[in-house]
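S.K.: please find the sequence and the predicted model below.
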Amino acid sequence: MSDQRTALVLGGGGITGIAWELGVLAGLADAGVDLPGADLVVGTSAGSVVGAQLTCGADLEAAFARQLAPPTAEQAARMTRSGLLRYGLAALRSRGDDVAFRRRVGALALAAERAGLTPTEQERLDVIGSRLVGLEWPDRDLRVTAVDAETGEFRVLDRTSGVPLLQAVAASCAVPGVYPPVTIDGRRYVDGGMRSAANADLADGYDRVVVLAPVPRGFGPLASVDAQVTGMVARVAVVSPDEVSRRAIGRNVLDPAARAGSARAGRAQAAGVAAEVTEAWQG
């Protein structure tokens, strides 16, 4: 096993996605599977928060316990019906061109910010900072994804990028139309999930890959997780919410009130996928 390189991919899925992923990871740890010790950790949106916590040394059990606390400090956000319509129109007008789609949703994000429909950038940085256990990049291979709001360029940020960890994670979590773009090197960046909900292809070339994907499906030009892992020579296990977890997560993934239920459901679900994950990770 020593020469087998492992990769943990943590996908996007809002506040409930953070909770569900931590629940699954805690449940798998109960079964003796150490996913946080992966050689590579890829984090997109919610997954960037979880990835940063784990690689910066957060205690997994304590991180899980925090998801169970009453949601007193953070208000629920929501993607409005008109916002979802704009996403759909952006996908239609892009005609399968993923870069064009990302430019359009980036423009949507900038327009929402100008109209005062989002929190301020500093307010958002404060929220993300409260979720991290440290503001320095870990001495681990953590890769965080983001998208340039103007050009649609996909960018992978790590400890060699020169970008502070806080800004990297906040950018990866900047859902267009809900949260403001984040400034990095004078440019504005939005959610890395605008390329793919998990960006699982960043783990290509690793021998053993586990993907935790709160949102496994693609949308418009966004690739699904299955499409990205198909053809990998690695042993791969993809875990996405089962029916019980989907009910716990509910319809609004940005509602902190659903956090505790999502975490518990993820932990319970882990027992049913432990054998599959163990086979991919250790078999």
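M.R.: Structure's in. What do you need? Residues are numbered from 1 along each chain as shown.

S.K.: and the contacts of stretch 225-244?
M.R.: 7, 11, 20, 24, 196-201, 203-204, 206-218, 249, 265-266, 268-269, 272-273, 276-277, 279-281, 283 (CB atoms under 8 Å, 6 or more residues apart in numbering). Just so you know, the C-beta spots here come from the backbone N, C-alpha and C atoms, and that holds for glycine as well.

S.K.: let's see it at 6 Å
M.R.: By CB atoms under 6 Å, 6 or more residues apart in numbering, the list of residues contacting stretch 225-244 from outside reads 198, 200-201, 204, 206-213, 216, 265, 269, 273, 276-277, 280.

S.K.: same thing with stretch 104-121?
M.R.: 86, 90, 149, 176-177, 179-181, 190, 194.

S.K.: nearest to residue 261 among those?
M.R.: Nearest to residue 261 among the contacts of stretch 104-121: residue 179, at 22.9 Å, using CB to CB.

S.K.: residue 77 versus the closest one, what's the distance?
M.R.: Distance of residue 179 to residue 77, given as CB to CB, to the nearest Å: 7 Å.

S.K.: sec struct for residue 241, please.
M.R.: coil (DSSP: H, G, I helix; E, B strand; the rest coil).

S.K.: just how off-centre is stretch 91-109 within its chain?
M.R.: Chain-centre distance of stretch 91-109: 20 Å, with CA atoms, centre = their mean, to the nearest Å.

S.K.: and if you look at stretch 150-166?
M.R.: 15 Å.

S.K.: ok, stretch 275-283 next?
M.R.: On CA atoms, centre = their mean, the centre of stretch 275-283 falls 22 Å from that of its chain.

S.K.: list the buried residues of that stretch.
M.R.: 277-278, 280-281 (16 or more other CB atoms under 10 Å).
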